[in-house]
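>>> kindly return the folded structure for what I paste below:
(one chain, ligands or ions: 2)
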Amino acid sequence: MTEVDHPERLAEALCRLLPQTQCRQCGFDGCSQYARAIAEGRANINRCAPGGRAGVLKLAQLTGREALDIDPEYGRELPFAVARIDAARCIGCRLCDAACPVGAVSGVPKHLFAVIESSCTGCGLCVCACPVNAVDMVETGRSWTDEDAQRARAAYERNRTRRHERALRRRRALEQSTARKSDILKQALLMAQSLKKQ
Ligand code: SF4
Ligand code: SF4
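Numbering: from 1, shown residues only. Ligands and ions are numbered 1, 2, ... in the order given. Here you go, the predicted structure:
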């Protein structure tokens, strides 16, 4: 059995061919979800604009499907650009940081945020998230490489794990606080009942 015959292995092989910018332009929640959809026959191979024509050719070779042009409904191939935050316009709301799939934004809430250019995949999600239009995309003059894609995939996985752990910690803290409040309420009720009996 080859990797193409097994949906899980095919999805992983397809994912390795995608650019890992995690931009969601394909309509899926990141490159791995798009790869899974292709492997399961739920999506065509021409929805990844950042991967461009070269990407479609690789996907076509692996799947044996027709190498269609990029579907314009999912964007078009553009030169690689990274996000830059204008310090004069930034209000420190942190929404760009929350939107970034690879943890490429850092800063101080209520003050200023900035993009770590070497970590930016150019996905543009922070541009849409910024309520004061403080983020611009700036062309770099270079191309997105396979090494960039590998680094971006690792950063995406790390970011996802970090966010998952943070959400778990918050949920635990909320459960503990709810349990504490419920104990206090029970004690208050017991006290009120014993005062009533006196
Ligand atoms: S780079 Fe964007 S469009 Fe291409 S597969 Fe990944 S999330 Fe989808
Ligand atoms: S900084 Fe903006 S453009 Fe760059 S990876 Fe993060 S969300 Fe995408």
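>>> and Val132, which of the three is it?
Secondary structure, DSSP: H, G, I helix; E, B strand; the rest coil: Val132 is coil.
>>> what about it, how many neighbours?
Per other C-beta atoms under 10 Å, the neighbour tally for Val132 reads 11. The way it works is simple: take the backbone N, C-alpha and C, and place the C-beta from them, glycine included.
>>> Arg42: how many residues sit nearby?
Arg42 has 10 nearby residues by other C-beta under 10 Å.
>>> what helix or strand is Phe113 located in?
Following DSSP states H and E, one finds Phe113 within strand 112-115.
>>> the next helix or strand along the chain from that strand near ligand 1 anywhere?
For strand 112-115, the following helix or strand on the C-terminal side (DSSP H and E) is helix 125-129. No - judged by C-beta under 6 Å from any ligand atom, helix 125-129 stays clear of ligand 1, getting no closer than 10.0 Å.
>>> buried residues in helix 125-129?
Residues of helix 125-129 classed as buried by neighbour count (16 or more other C-beta atoms under 10 Å): Leu125, Cys126, Val127, Ala129.
>>> next secondary structure after that helix?
As assigned by DSSP H and E, the chain's next helix or strand after helix 125-129 is strand 135-139.
>>> partner strands of that next one, with direction?
Its sheet considered, strand 135-139 pairs with strand 81-85 (antiparallel) by DSSP bridges.
>>> okay, now the domains of this protein?
When the chain is parsed with automatic domain parsing, its domains come out as 3-74, 79-180.
>>> need those domains in a markdown table (columns: mean pLDDT and distance to ligand 2).
What follows is these, written out as a markdown table (pLDDT from 0 to 100; distance: least, C-beta to the nearest ligand atom, whole Å):
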| stretch | mean pLDDT | distance to ligand 2 |
| --- | --- | --- |
| domain 3-74 | 96 | 7 |
| domain 79-180 | 96 | 3 |
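>>> point out the most buried one among those domains.
Mean neighbours per residue, mean count of other C-beta atoms under 10 Å, is largest over the domains of the chain for domain 3-74, with a mean of 18.
>>> so, in contact with ligand 1 or not, that domain?
Yes - judged by C-beta under 6 Å from any ligand atom, domain 3-74 comes into contact with ligand 1 at 18-19, 21-26, 28, 30-31, 34, 48-51.
>>> wait, does the longest helix seen in the chain contact ligand 1?
The longest helix of the chain (DSSP state H) is helix 146-197. No - applying C-beta under 6 Å from any ligand atom, one finds helix 146-197 separated from ligand 1 by no less than 8.7 Å.
>>> distance between that helix and the chain's centre?
Relative to its parent chain, helix 146-197 has a centroid offset of 22 Å by C-alpha atoms, centre = their mean, to the nearest Å.
>>> from Ala129, how far off is the residue nearest to the spatial centre of the chain?
Nearest to the geometric centre of the chain sits Pro101, at 3.1 Å (C-alpha atoms, centre = their mean). Pro101 is 11 Å from Ala129, where distance means C-beta to C-beta, to the nearest Å.
>>> so the residue nearest to the centre of the chain: helix, strand or coil?
Here Pro101 takes the coil state, with states given by three-state DSSP.
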